[in-house]
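Undergrad: following is a predicted model, sequence given first.
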Protein chains: 2
Amino acid sequence: MRVLGIDPGLTRCGVGVVDVASDRSAKLVDVVVLRSPADLDTPSRLARIADGLEAILEEHRPNAVALERVFARSDVSTIMGTAQISGVAMLIAARRALPVALHTPSEVKAAITGYGRADKKQVGAMVARILGLEVVPKPADAADALALAICHAWRTGGAAGAAIADASGAGAAGRGADAAGMTPAQRAWLAAERAASVSGAARRVRE
Amino acid sequence: MRVLGIDPGLTRCGVGVVDVASDRSAKLVDVVVLRSPADLDTPSRLARIADGLEAILEEHRPNAVALERVFARSDVSTIMGTAQISGVAMLIAARRALPVALHTPSEVKAAITGYGRADKKQVGAMVARILGLEVVPKPADAADALALAICHAWRTGGAAGAAIADASGAGAAGRGADAAGMTPAQRAWLAAERAASVSGAARRVRE
């Protein structure tokens, strides 16, 4: 399954493409941060980012688009640009008949690190580990876009992903332990670690 | 000058097209409320509205697009859809190389009624009067879109419009009286009334 993840933003829009196998192993296809200059008017900035998004979709032909769910309670100074880019990204995906899934930052962090309040450094480190990369993708928008794409594939594909998908809403994935004393997120984290080790080892052998 | 005004919304998106002459008289070209069903997913709803917007642009070929400026402090339950539609509308305009202007609700109300806190009924009544219509355009989204288009033409074209355009920010146009004891908005309102009477009379004679 090839997923394109988007961390929406007007100044920096992270876009990551990953291939995720049914055993949850994930491979980096491409990652890029689209930018638009702050001195351009907003419509031109949106068009600039839209052009970049369409070029990446054209090149990599993903099966699905995963987008960060933006909340109205987010930082007021950036919320409008972020929401506008989200609208543009959804339109572009809809016109290509691509399914779009929204995931909250907490859902992504829980899926990737096992902890819904993980910081950017932890997310970046786990993304690098899952994809078998020697360095953490920079800037954070790039790592976040990859995390979104991996999160989406795991939540819709793998067994641990399904467990997390049952938990509704932001942060919910971290609450409530099951009979074995582990939260769904903790189980997902262990599964992710295993998948990352396998994937990383396999890549090192191939290279 | 032909202006297309957009009152952005995911459930109802008002779109009004007006021709405004240099003497500030305004003529209705078209008005429509684009709708998208709430049971569709958001990307499909955005695409539905986008298709409608593009059809209207194609049909009426306006010189400019006027869009309501959305604030992050607006109603949280609708803000995201509104911002997403705004992004989509700006992208569509930018790709047709059409200038896009944003006006706040207060600026529109001040330009149309002379009072930045006018209610929807007052705005609708003045829009009908300015355009020489016998009935107020319904629903409010339709009247608001027309008000936006007229506001934009007046603020960029006519003399009273220039006076209002000097006042910066939401609601500012209602503050501070000049030497003649009239605020810029009050002068604009009088000018609008005169323009509306002339325009309405001219239309009645023609018809």
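TA: Structure's in. What do you need? Residues are numbered from 1 along each chain as shown, chains lettered A, B, ... in the order given.
Undergrad: can I take it that residue A:62 is in a helix?
TA: No: in this structure, residue A:62 is coil, not part of a helix, as judged by DSSP: H, G, I helix; E, B strand; the rest coil.
Undergrad: give me the number of neighbouring residues for the closest residue to it other than its chain neighbours.
TA: Nearest non-adjacent residue to residue A:62, counting by CB to CB, 6 or more residues apart in numbering or on different chains: residue A:4, 4.0 Å away. For every residue, glycine as well, the C-beta is placed using N, CA and C. By other CB atoms under 10 Å in any protein chain shown, the residues close to residue A:4 number 29.
Undergrad: next up, the contacts around residue A:4.
TA: Counting by CB atoms under 8 Å, 6 or more residues apart in numbering or on different chains, residue A:4 touches A:15, A:16, A:17, A:56, A:57, A:60, A:62, A:64, A:65, A:66, A:149.
Undergrad: at which residues are the strands of chain A located?
TA: Applying DSSP state E to chain A gives strands spanning A:2-7, A:12-20, A:26-35, A:64-68, A:100-103.
Undergrad: returning to what we had before: and the contacts of residue A:4, which is closest to residue A:42?
TA: Nearest to residue A:42 among those, counting by CB to CB, is residue A:15 at 19.6 Å.
Undergrad: and residue A:114, how far from chain B?
TA: Using CB to the nearest CB, to the nearest Å, residue A:114 is found at 29 Å from chain B.
Undergrad: so what's the spatially closest residue to residue A:136 that is not a sequence neighbour scoring on pLDDT?
TA: Leaving aside its chain neighbours, residue A:136 sits nearest to residue A:124 (4.0 Å; criterion: CB to CB, 6+ apart). For residue A:124, the model assigns a pLDDT of 96.
Undergrad: contact partners for residue A:124?
TA: Taking CB under 8 Å, 6+ apart, we find residue A:124 in contact with A:136, A:137, A:138, A:140, A:143.
Undergrad: so who does the residue nearest to the spatial centre of chain A touch?
TA: With the centre of chain A defined as its mean C-alpha position, the nearest residue by CA atoms, centre = their mean is residue A:148, 1.0 Å away. Residues in contact with residue A:148 (CB under 8 Å, 6+ apart) are A:5, A:6, A:7, A:16, A:66, A:67, A:68, A:103, A:108.
Undergrad: which two of those residues have the greatest separation?
TA: Based on CB to CB, the longest span within the contacts of residue A:148 runs between A:16 and A:103 and measures 13.1 Å.
Undergrad: neighbour-wise, which of these two wins?
TA: Taking neighbours as other CB under 10 Å, residue A:16 and residue A:103 compare with residue A:16 leading, 30 against 24.
Undergrad: how close does the more buried one sit to chain B?
TA: Per CB to the nearest CB, residue A:16 is found 19 Å from chain B.
Undergrad: which positions in chain A make contact with chain B?
TA: A:41-44, A:46-47, A:50, A:70, A:72-73, A:76, A:79-80, A:83-88, A:90-91, A:93-95, A:100 (CB under 8 Å from any CB of the partner chain).
Undergrad: among those residues, which lie within helices?
TA: Cross-referencing those against helices under DSSP state H gives A:42-44, A:46-47, A:50, A:76, A:79-80, A:83-88, A:90-91, A:93-95.
Undergrad: can you tell me which of the contacts of residue A:124 is closest to chain B?
TA: Set against chain B, the nearest of the contacts of residue A:124 by CB to the nearest CB is residue A:140 (22.3 Å).
Undergrad: tell me how many other residues surround the residue lying closest to the closest one once chain neighbours are set aside.
TA: Nearest residue to residue A:140, sequence neighbours excluded (CB to CB, 6+ apart): residue A:120, at 4.7 Å. Counted with other CB under 10 Å, the neighbours of residue A:120 add up to 15.
Undergrad: I'd assumed residue A:141 was in contact with residue A:120.
TA: No: Residue A:120 is beyond contact range of residue A:141, at 9.8 Å (criterion: CB atoms under 8 Å).
Undergrad: contacts only, for the nearest residue to residue A:12 once chain neighbours are set aside.
TA: In this structure, residue A:12 finds its nearest non-sequential neighbour in residue A:141, 4.8 Å apart by CB to CB, 6+ apart. Counting by CB under 8 Å, 6+ apart, residue A:141 makes contact with A:7, A:9, A:12, A:13, A:14, A:33.
Undergrad: got the residues you listed as a markdown table, with neighbour count, distance to residue B:114 and pLDDT columns?
TA: What follows is the contacts of residue A:141, written out as a markdown table (neighbours: other CB atoms under 10 Å in any protein chain shown; distance: CB to CB, whole Å; pLDDT from 0 to 100):
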| residue | neighbour count | distance to residue B:114 | pLDDT |
| --- | --- | --- | --- |
| A:7 | 28 | 45 | 96 |
| A:9 | 22 | 40 | 94 |
| A:12 | 16 | 43 | 95 |
| A:13 | 28 | 42 | 97 |
| A:14 | 25 | 47 | 97 |
| A:33 | 20 | 47 | 97 |
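Undergrad: on that earlier part again, report the separation between the residue nearest to residue A:136 and residue A:31.
TA: Residue A:124 sits 12 Å away from residue A:31, going by CB to CB, to the nearest Å.
Undergrad: which residues do these two both contact?
TA: Shared between the contact lists of residue A:124 and residue A:31 (criterion: CB under 8 Å, 6+ apart) are residues residue A:137.
Undergrad: who's residue A:7 bridged to?
TA: Beta-bridge pairing for residue A:7 (DSSP bridges): residue A:14.
Undergrad: that one is in contact with residue A:68, isn't it?
TA: Yes: using CB under 8 Å, residue A:7 is in contact with residue A:68, at 5.5 Å.
Undergrad: give the residues shared as contacts by the two.
TA: Counting by CB under 8 Å, 6+ apart, the residues touching both residue A:7 and residue A:68 are A:144, A:148.
Undergrad: got a list of what residue A:120 touches?
TA: Residues in contact with residue A:120 (CB under 8 Å, 6+ apart) are A:140, A:143, A:144.
Undergrad: contact partners for residue A:59?
TA: residue A:30.
Undergrad: give me the distance between it and residue A:29.
TA: 9 Å.
Undergrad: what do you get for residue A:89?
TA: Per CB to CB, residue A:89 is found 18 Å from residue A:29.
Undergrad: looking at those two, which is more packed in?
TA: The neighbour count for residue A:89 versus residue A:29, taken as other CB under 10 Å, is higher for residue A:89 (27 against 19).
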